[in-house]
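>>> Would you be able to build a 3D model of this:
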Amino acid sequence: MIFNTTKTGVPVLTKEQIEQEAIRFLEGIDRKMLANVGSVPIEKIIEGDLGLDIDYKLLDKDHNILGMTAFNNGYTEVINRTTGEREKIGVTKGTIIIDEHLVEDTSLAGRLRFTFAHEAGHWLLHRHLFEKDENQGVLLREDVEATPIKCLNRNVELIFQFAACNAWDDNDWLEWQADYMAGALLLPIIPFKAAFLGCLRKLDLRQDYLFVDHQRCNMVNYREVLSSLAQTFEVSRRTVEVRLRKLKLITGVGL
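You can find the predicted model right below:
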């Protein structure tokens, strides 16, 4: 897919374009993936279909960095678990490093899958911005940084909600695009909408959207839908909530 870009090379992408790119990519792997309602094997896709390596390191003492993707050979910095100090390690192009605590804390399983998908989104949408001619460098030179994108532990949606689009910098746009791609990969639009409508029918609701306000019955329905979809696709309730909002499948007070 050919993207329009800004003067600095950042892709200019609409939500619809990212949706189509996710569909095209998943269809290229297995057309059944868009017909089956269930968990997308994102880790298998990263290693088997994208051909990337996954590693786990302590990226930050306070877990402010959840993941990073190396677009070139070189070094990056991690925390030494023994000394607690930062140290350089060699990484090769196409390595995704995930912060260890996402694996160690089982309650963060949904966040782990989203981080996998977010890093895959960077690789699919942004690697052309960072890749260098491999003939210009030496493999794993300690003085050449591997030009990684380091993804912070932050609620991108919340940050952007309170900032005008013209105030976003290049990194903000890259993070927003990777987040949107992550949702489109983990919750593909066709099976996700089918699962959502299935939830509504189980609640004996005939419309194709869910109305949400502070009435107890509506909140109960909303929580049930979030829990059911989160379990079906093995993601967090927050990921489901954001996806429902982006696809305008929920409406109501304050939405």
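>>> Give the phi and psi angles for the closest residue to V12 other than its chain neighbours, as a check.
The shortest distance from V12 to any non-neighbouring residue, by C-beta to C-beta, 6 or more residues apart in numbering, is to N4 (4.5 Å). Heads up, the C-betas are built off the backbone N, CA and C, glycines and all. Phi and psi for N4, reported as degrees, to the nearest 10, are phi -70, psi 150.
>>> quick one: N4 from Q20, how far?
From N4 across to Q20, the span is 14 Å (C-beta to C-beta, to the nearest Å).
>>> got it, and E119?
In terms of C-beta to C-beta, E119 sits 21 Å off from Q20.
>>> Likewise for V240?
According to C-beta to C-beta, V240 and Q20 sit 21 Å apart.
>>> For those two, indicate the residue with more neighbours.
V240 (26 against 15; other C-beta atoms under 10 Å).
>>> low pLDDT regions in this structure?
1-2, 133-143, 154-167, 253-255 (pLDDT under 70).
>>> All the helices of it, residue numbers only.
15-29, 42-44, 101-104, 109-130, 156-161, 170-186, 189-202, 216-233, 237-246 (DSSP state H).
>>> For the fourth one, which helices and strands make contact with it?
Pointing back at helix 109-130 there. Contacts defined by 3 or more C-beta pairs under 8 Å, 6 or more residues apart in numbering; DSSP states H and E place helix 109-130 against helix 15-29, helix 42-44, strand 65-70, strand 95-99, helix 101-104, strand 148-152, helix 170-186, helix 237-246.
>>> do the second one as well
Counting contacts by 3+ C-beta pairs under 8 Å, 6+ apart, the secondary-structure elements packed against helix 42-44 are helix 109-130.
>>> buried residues in the helix it packs on?
Residues of helix 109-130 classed as buried by neighbour count (16 or more other C-beta atoms under 10 Å): 110-127, 129-130.
>>> what does stretch 12-29 give?
Under the neighbour-count criterion of 16+ other C-beta under 10 Å, stretch 12-29 has L13, Q17, I18, E19, E21, A22, I23, F25, L26, I29 buried.
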